[in-house]
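**Student:** compute the structure for the input listed below.
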Amino acid sequence: MKKTITVFKGDGIGPEITDCVLEILEAAGAELEYEVYNVGEAEWKRNGALIPPEAYASFDRNHVLLKSPITTPIGHGFRSLNVTLRSKYDLYANIRPAKSNIAVKTPFHDVDMVIFRENTEDLYVGVEEQIDENTVHATKIITRKASTRIIRDAFEYARAHGRKKVTCVHKANILKMSDGLFLSIFHEIAKEYPEIQHDDKIIDNTCMQMVMNPNQFDIIVTPNLYGDLLSDLASGLIGGLGLLPSSNLGTDYAMFEAVHGSAPDIAGQHIANPTAFLWSACMMLEYLGQRDCAAKIRGAVDEVLEAGICLTPDLHGTATTEEYRDAIIRRMNGNKD
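**Tutor:** Residues are numbered from 1 along each chain as shown. Just a heads-up that it's a prediction; the model follows:
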């Protein structure tokens, strides 16, 4: 029986890469049905709603969402829809794997880390107060409940996937109460997993260490803001944001999205790299138990990247989004370029 999922097309390059990924899923034989909705800034300008009520109702009903990038205004305008969705559906675990691909030339060839980012609190609660015309306060929230579940998820993932070490990233030397609480919970929980190594690093030192010796990192668990920063940094180690997928998991709902933004500067040019979104879809397939289908897609992508013939401009190629899509489909069908 096919699983029905909700799909949000989003802004900028979102519609292009969404169509591309859905066609690849179809060609791969994914056991899926789709309820597709336009959401985001463009939808708001057209119809006055960032996310139409029927789109929310679809996610409420299906519990699984494949979401392409949505534009977030900088310094003004509406609250990030990503943050809104994570909060509304309690998608507390943002999991972002960053792994080197031999076909993508970077200074590092052995990056293989997974970042567990707490997804519902920290500064991302968006509580700000203007004290006077020259002063604004922002509230950082760290709770025992949210910290415990993301840290425990990181250790459980390590145990289930044969990972060796979990690193807690923080700024507890300065934020002694908030980050101090997160760090103390980390060390409490680490005692329950004696077979897994654990350590902690300050966020600024971590950034330096990641660009000097990234293979020392296995699993990172961290509060919201640092996870956002570190995952973008990690994408640079493996070839860019076009190669970094993510899942947002809660107890009852799951959302899968690429880490990159809507890239309005290249929207409509058909040069966007859909790989991160496609790999996010593979994470979704694995979540739904369709592992063989996910492996088929991953294998085809690896072959296309390794061949190096049909790559998008961000990977130093000249292929369009659609040409790259077609090359993946050909590989899945056993044909070579």
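
**Student:** return the helix or strand in the chain with minimum mean pLDDT.
**Tutor:** In the chain, no helix or strand scores lower on mean pLDDT, DSSP states H and E than helix 41-47, which sits at a mean of 80.

**Student:** need the contact partners of that helix.
**Tutor:** For helix 41-47, the external contacting residues (CB atoms under 8 Å, 6 or more residues apart in numbering) are 11, 38, 49, 50, 51, 52, 70, 71, 73, 78. Heads up, the C-betas are built off the backbone N, CA and C, glycines and all.

**Student:** need the next SSE after that helix, C-terminal direction.
**Tutor:** Note on helix 41-47: by DSSP states H and E, the next helix or strand toward the C-terminus is helix 53-62.

**Student:** buried ones in that next one, by neighbour count?
**Tutor:** Using 16 or more other CB atoms under 10 Å as the test for burial, helix 53-62 gives 55, 56, 58, 59, 62.

**Student:** wait, isn't the last one in contact with residue 7?
**Tutor:** No: counting by CB atoms under 8 Å, residue 7 is not a contact partner of residue 62; they are 9.7 Å apart.

**Student:** show me whatever sits in contact with both of these two.
**Tutor:** residue 35.

**Student:** can you name the residues bridging to the residue most central in space within the chain?
**Tutor:** Centre of the chain computed as the mean C-alpha position; nearest residue by CA atoms, centre = their mean is residue 246, 2.4 Å away. Note on residue 246: beta-bridge partners by DSSP bridges are residue 257.

**Student:** pull the contacting residues for it.
**Tutor:** Counted by CB under 8 Å, 6+ apart, residue 246 has contacts 94, 95, 96, 231, 256, 257, 258, 259, 280, 283.

**Student:** all helices of the stretch 51-200 of the chain, in order?
**Tutor:** For the stretch 51-200 of the chain, the helices defined by DSSP state H, counting those that start in this stretch occupy 53-62, 81-88, 144-160, 178-190.

**Student:** show me the shaky parts of the stretch 201-337 of the chain.
**Tutor:** Low-confidence segments of the stretch 201-337 of the chain (pLDDT under 70): 336-337.

**Student:** what segments of it are strands?
**Tutor:** For the stretch 201-337 of the chain, the strands defined by DSSP state E, counting those that start in this stretch occupy 219-222, 245-249, 254-258.

**Student:** so which of those strands is the most packed in?
**Tutor:** Ranked by mean neighbour count, the strands of the stretch 201-337 of the chain are led by strand 219-222 with a mean of 28 (mean count of other CB atoms under 10 Å).

**Student:** CSV for the helices of the stretch 51-200 of the chain, including distance to residue 45 and mean pLDDT?
**Tutor:** Output for those, formatted as CSV (distance: least, CB to CB, whole Å; pLDDT from 0 to 100):
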stretch, distance to residue 45, mean pLDDT
helix 53-62, 16, 96
helix 81-88, 14, 84
helix 144-160, 34, 97
helix 178-190, 38, 98
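
**Student:** among the ones you listed, which is nearest residue 172?
**Tutor:** helix 178-190 (4.1 Å; CB to CB).

**Student:** buried residues in that closest one?
**Tutor:** For helix 178-190, by 16+ other CB under 10 Å, it's 178, 179, 180, 181, 182, 183, 185, 186, 189, 190.

**Student:** of those, closest to residue 1?
**Tutor:** residue 189 (37.9 Å).
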